[in-house]
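In: Fold the following, please.
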Amino acid sequence: MKRVRTAGVGGAAAFLAVAAALALTGCITMGPDYERPELPVPEAYSEVSIPAAEAGMDEWWKLYGDPRLDALVDEALAANQSLAAAVARVDEARAFAGLARADQLPQIVAGASGARDKFSGATAAFPPGFSLERDTYRASVNLAYELDFWGRYRRLSEAARAELLATEEGRRNVRLAVIAETVDSWFDILSTREQLAISHATVGSRGESVRLQRLRFDAGSISEFDLARAEAELAGSEATVPIGERVLRQTEDRLGVILGRMGGFDSSEAFAAPSDPAVLDAVRAPDVPVGLPSELLTRRPDVVAAEQRLVAANARIGAARAAFFPSIALTGYSGSESDELSGLFKSGSGVWGFAAGLLQPIFQGGRLRRDFEIAEARERQALADYTGTVQSAFAEVEDALVARSTGATERAALGRRVEALSRASRLARLRYEAGDASYIEALDAERDLFIVQLAFVSARRGELGASVTLFKALGGGWEESPAAGEDATASAASPEAAP
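Out: Take a look at the predicted model:
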């Protein structure tokens with residue numbers, strides 16, 4: 001006895017019907033096709049600068065010419081946990097894109113079963129002597145496919161690919177932030193160490209001055225007032241040392257987290273050789289091209305990610321629109337069935353079946369209309385986010401350019417002041433030693449020199465920090481490399497791409 005109870009696909013007619021249905025797929029795609037919105041962004045930035053040095057967008061930090069910094073960035077990119085999490089998010093998004101693509105394809109499942117049944121002798125309409133116990137064995141291939149006639153699954157796949165690209169750009173944005181934080185932390189360490197060196201040198205010179213003043217006071221050649229002022233200036237310079245040491249330790253700890261080090265980071269390791277410079281003047285500040293085009297913003301990771309989220313939201317409008325229309329499902333099976341396991345694949349044991357179904361939403365309490373309205377509202381949100389991201393990006397670049405140009409002017413002015421106060425301090429000391437000036441005049445000149453030396457280092461640090469901010473605001477650099485960008489986009493868009 002043979003019994004058929006499952007659905008699947010089989011037989012020539014059924015397979016031809018499925019093939020014809022597959023050929024119809026793609027006839028209609030609901031919803032609007034994406035078009036990039038026009039944004040009122042100026043063609044170039046207001047700030048101009050000297051011609052640019054040759055730079056690669058992916059390795060912009062190497063323009064500073066510091067091998068120690070290069071090694072730190074390489075370590076951060078290899079071990080930073082925020083970047084590792086961003087890579088995992090890309091892998092997750094790639095898998096989701098693969099799932100969305102799978103919804104567009106037929107689902108084929110192979111199955112095998114065996115059963116033994118006993119029928120009631122009181123109710124079964126079998127001839128006398130017919131066995132009420134039967135064995136049934138089946139092997140079949142089952143197929144299920146929903147015809148994407150309205151393009152719902154194509155729109156969902158389009159949205160998933162856009163989300164994958166947005167996630168990939170998010171990874172690039174995290175990578176850029178990790179690099180910028182590493183470079184900024186390194187420059188903080190350099191500037192703090194240089195200021196500490198200035199403080200230690202000042203403490204040393206003022207300590208010697210106090211020693212001499214005490215000898216003069218003991219000899220009766222100066223008043224106690226002059227001695228007290230000298231001791232006060234020494235204490236003031238000594239107070240800057242623990243402050244600098246605290247800032248240095250905190251900066252090293254911050255950099256240690258960026259580098260993924262459990263034991264923190266000790267900057268003294270980077271200055272093991274006596275020839276290693278510990279001053280910011282040893283760092284080469286990159287130049288910026290004249291009339292930097294605002295088109296560079298289109299490469300910024302957060303801008304690209306915001307646009308891809310807009311693409312995804314736009315595609316989901318089409319998917320929500322397609323839900324109003326009928327869904328067409330095809331199912332079928334093809335296999336073999338027998339009451340004996342040995343006869344499962346014998347001639348005459350074949351079975352097959354094919355079915356097509358259509359479902360048309362009639363009443364769902366307004367659910368489909370609300371889903372469509374939600375999709376439209378989210379598209380408007382994504383458009384506003386994209387527009388705001390572009391506007392913020394343009395402002396960040398403008399601010400960084402202004403900070404860099406004004407920072408260079410400030411640093412140059414402070415450099416001239418350091419030179420002038422160095423001469424003034426030396427002359428004031430000579431005048432005091434010759435008896436032509438009071439000790440207060442010499443102390444004032446030394447104090448002013450100490451303050452402006454620290455300010456000069458801060459200005460140099462600010463100038464370099466502005467260049468880091470500019471690199472970050474431009475998405476990593478300014479050298480055109482469209483081919484590389486297209487390759488990266490194509491790789492990220494493939495759901496089956498390797499991690």
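
In: Look up how far residue 165 lies from residue 307.
Out: The gap separating residue 307 from residue 165 is 9 Å, by CB to CB, to the nearest Å. For glycine as for every other residue, the C-beta is placed from the backbone atoms N, C-alpha and C.

In: Same check on residue 468?
Out: Using CB to CB, residue 468 is found at 27 Å from residue 165.

In: Strands along the stretch 101-250 of the chain, start to end?
Out: Using DSSP state E, counting those that start in this stretch, the strands found in the stretch 101-250 of the chain span residues 107-118, 133-147.

In: so which of those strands comes closest to residue 217?
Out: Nearest to residue 217, of all the strands of the stretch 101-250 of the chain, is strand 107-118, at 97.1 Å by CB to CB.

In: Okay, domains of the chain per the record?
Out: Per automatic domain parsing, the structural domains of the chain span 1-30+108-121+132-147+326-359, 33-105+152-325+367-493.

In: how much distance is there from the longest one to the middle of the chain?
Out: Put plainly, it is domain 33-105+152-325+367-493. The chain centre lies 16 Å from the centre of domain 33-105+152-325+367-493; the measure is CA atoms, centre = their mean, to the nearest Å.

In: Which neighbouring elements make contact with the host helix or strand of residue 95?
Out: Using DSSP states H and E, residue 95 falls within helix 81-102. Applying 3 or more CB pairs under 8 Å, 6 or more residues apart in numbering; DSSP states H and E, one finds that helix 81-102 contacts helix 152-219.

In: Quick one: list the elements packing against the helix it packs on.
Out: Helix 152-219 packs on helix 67-79, helix 81-102, helix 224-259, helix 301-322, helix 439-473, helix 482-493, going by 3+ CB pairs under 8 Å, 6+ apart.

In: can you list the domains of the chain in JSON lines and add mean neighbour count and mean pLDDT?
Out: Formatted as JSON lines, the domains of the chain follow (neighbours: other CB atoms under 10 Å; pLDDT from 0 to 100):
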{"stretch": "domain 1-30+108-121+132-147+326-359", "mean neighbour count": "15", "mean pLDDT": "68"}
{"stretch": "domain 33-105+152-325+367-493", "mean neighbour count": "17", "mean pLDDT": "83"}
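
In: Which secondary structure element is home to residue 365?
Out: Counting by DSSP H and E, residue 365 is part of no helix or strand.

In: got a list of what the closest residue to residue 85 other than its chain neighbours touches?
Out: Leaving aside its sequence neighbours, residue 85 sits nearest to residue 174 (CB to CB, 6 or more residues apart in numbering; 8.0 Å). By CB atoms under 8 Å, 6 or more residues apart in numbering, residue 174 lies in contact with 82, 83, 85, 86.

In: Quick check: residue 303 vs residue 313, distance?
Out: For residue 303, the distance to residue 313 - CB to CB - is 16 Å.

In: Next up, the contacts around residue 115.
Out: With contacts defined as CB under 8 Å, 6+ apart, the neighbours of residue 115 are 135, 136, 137.

In: and if we set it to 7 Å?
Out: residue 136 (CB atoms under 7 Å, 6 or more residues apart in numbering).

In: beta partners of it?
Out: residue 136 (DSSP bridges).

In: Check the spacing between it and residue 346 real quick.
Out: Taken as CB to CB, the span from residue 115 to residue 346 is 19 Å.

In: This completes my enquiry, with thanks.
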